[in-house]
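Visitor: Need the 3D shape of this:
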Amino acid sequence: MPWNDSLFYAVFLGQIFLLSWYFPEKIHARMKYVLATYPPDAYPKLYPRPVEHYRIGHWVYRLINRLVLGLGLLILLALLFLVDHGSFADDGYISEFWPALYGFVQFIPLLVLEIGEFHQFKQMRQANTTSRRTADLRRRTLLVYVSPTLFIAAVFLYLGAVLLLLHADEWGAAIWLTAGMLFMAGVGAFNLYGQKKDPHQSTEDRSRHISAALHSVIYVSMALSVFYIMTALDQMFDLDYLDATMLSLYFQAIIWLSVGHMLRSIRLEDLNFEVYRADPAAT
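Guide: Prediction:
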């Protein structure tokens with residue numbers, strides 16, 4: 001077996017477990033912790049729907065990730081047994097199609113989770129009968145939450161990637177990189193200036209979430225620049241045999257720098273759940 005195939009199998013196995021086992025289990029554990037520590041009878045504002053809805057949702061989220069995990073192992077076994085016979089390969093190398101396709105499937109549960117969170121906050125706003133509104137009068141700017149050094153490093157990494165792509169005559173890739181950066185900038189601006197999603201969230205917790213989200217955006221943008229730098233080097237030095245491995249590593253970097261950073265930065269023990277208790281007048 002060629003060394004580059006062996007390297008890919010090891011890296012792809014990491015993609016399978018990191019995206020479909022490690023982080024899903026971390027997220028599921030947080031779900032269970034919140035439900036057990038802050039139950040609906042004591043924190044009714046946190047649960048606009050019956051508690052069984054959340055229990056079923058937690059179970060379904062874990063089941064979907066287990067199924068995706070099994071799919072990944074099946075793909076890995078298929079590659080191990082069939083790639084030597086010319087299947088699943090591209091020009092003699094394992095095609096990057098497989099880690100790309102599986103990576104998109106792995107992100108589906110996270111997308112569903114984001115959509116569920118959006119509806120959760122919408123229902124919380126609809127159920128919010130408090131006439132009193134609070135506002136954070138502090139000016140929110142990017143450099144309040146992100147160090148100038150990190151921001152400048154991200155900008156220079158992007159510019160370096162663009163210059164290298166142009167040098168490699170990869171104009172299309174440079175355009176896609178720029179489009180990706182504009183999208184990331186839009187995500188950052190939405191988190192920084194967008195409407196408060198959780199009507200009960202304290203000012204300190206919102207600031208903590210904004211900081212974590214902006215750092216995740218910048219880290220992911222830097223990973224995107226590195227990925228396109230590798231794309232340029234691929235074209236310049238004919239590194240096609242590493243395409244699948246690099247793409248698998250990219251997916252792992254994305255999840256580690258986005259979801260991983262959010263989980264590490266926002267500890268449940270540090271959040272103020274008292275804001276979800278019933279109003280005194282309603283008891």
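
Visitor: Would you indicate which residues of stretch 212-231 are buried?
Guide: Neighbour-count burial for stretch 212-231, counted by 16 or more other C-beta atoms under 10 Å, picks out 212-231. C-beta: built from backbone N, CA, C; applies to glycine.

Visitor: Now do Y193 against R140, distance only.
Guide: 7 Å (C-beta to C-beta, to the nearest Å).

Visitor: Please read the previous query as pertaining to Y61.
Guide: 32 Å.

Visitor: And for M236?
Guide: The value you get for M236 to R140, if C-beta to C-beta is used, is 42 Å.

Visitor: next one: L67
Guide: 40 Å.

Visitor: circling back: could you check which of Y193 and R140 is surrounded by more residues?
Guide: R140 (13 against 10; other C-beta atoms under 10 Å).

Visitor: Just say helix, strand or coil for that one.
Guide: At R140, secondary structure determined by DSSP: H, G, I helix; E, B strand; the rest coil is coil.

Visitor: Might you report the residue contacts of it?
Guide: L192, Y193, I210 (C-beta atoms under 8 Å, 6 or more residues apart in numbering).

Visitor: so who does M246 touch?
Guide: Counting by C-beta under 8 Å, 6+ apart, M246 touches E96, F227, M230, D234.

Visitor: which residues of the stretch 101-250 of the chain score low on pLDDT?
Guide: Filtered on pLDDT under 70, the stretch 101-250 of the chain yields the residue ranges 130-138.

Visitor: can you give me the strands for it?
Guide: Assigned strands in the stretch 101-250 of the chain: none (criterion: DSSP state E, counting those that start in this stretch).

Visitor: Let me see the ranges of the helices in it.
Guide: 142-145, 148-167, 171-193, 203-237, 243-257 (DSSP state H, counting those that start in this stretch).

Visitor: Using CSV, lay out those together with distance to F12.
Guide: Listed next are the helices of the stretch 101-250 of the chain as CSV, based on distance: least, C-beta to C-beta, whole Å:
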stretch, distance to F12
helix 142-145, 35
helix 148-167, 25
helix 171-193, 23
helix 203-237, 17
helix 243-257, 5
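
Visitor: Determine which of these approaches R264 most closely.
Guide: helix 203-237 (8.5 Å; C-beta to C-beta).

Visitor: now the closest one and helix 243-257, what's the angle there?
Guide: 170 degrees (axes from the mean of the first three to the mean of the last three C-alpha atoms, to 10 degrees).

Visitor: and the angle from helix 203-237 to helix 171-193?
Guide: Going by the same axes, to 10 degrees, helix 203-237 makes 170 degrees with helix 171-193.

Visitor: Check which helices and strands helix 203-237 sits against.
Guide: The criterion is 3 or more C-beta pairs under 8 Å, 6 or more residues apart in numbering; DSSP states H and E, and the helices and strands that helix 203-237 contacts are helix 142-145, helix 148-167, helix 171-193, helix 243-257, helix 259-265.

Visitor: between the ones you listed, which gets nearest to D205?
Guide: helix 259-265 (11.8 Å).

Visitor: If you count contacts, what does that closest one end up packed against?
Guide: helix 23-37, helix 203-237.

Visitor: Any idea how far that helix is from the middle of the chain?
Guide: 9 Å (C-alpha atoms, centre = their mean, to the nearest Å).

Visitor: Quick check, I75 in contact with W98.
Guide: Yes. In this structure I75 lies within contact range of W98 using C-beta atoms under 8 Å: 6.1 Å.

Visitor: With neighbour numbers in mind, choose between the two.
Guide: Shown here are I75 and W98; by other C-beta under 10 Å, W98 has more neighbours (23 against 18).

Visitor: Can you tell me the element the more buried one falls in?
Guide: helix 97-127 (DSSP states H and E).

Visitor: Let me know the angle separating that helix from helix 23-37.
Guide: Calculated by the same axes, to 10 degrees, helix 97-127 forms an angle of 20 degrees with helix 23-37.

Visitor: before we move on, the earlier item: with distance to P2 added, can I get the helices and strands packed on helix 203-237 in a markdown table?
Guide: Shown next, in a markdown table, are the helices and strands packed on helix 203-237 (distance: least, C-beta to C-beta, whole Å):
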| stretch | distance to P2 |
| --- | --- |
| helix 142-145 | 46 |
| helix 148-167 | 28 |
| helix 171-193 | 27 |
| helix 243-257 | 12 |
| helix 259-265 | 31 |
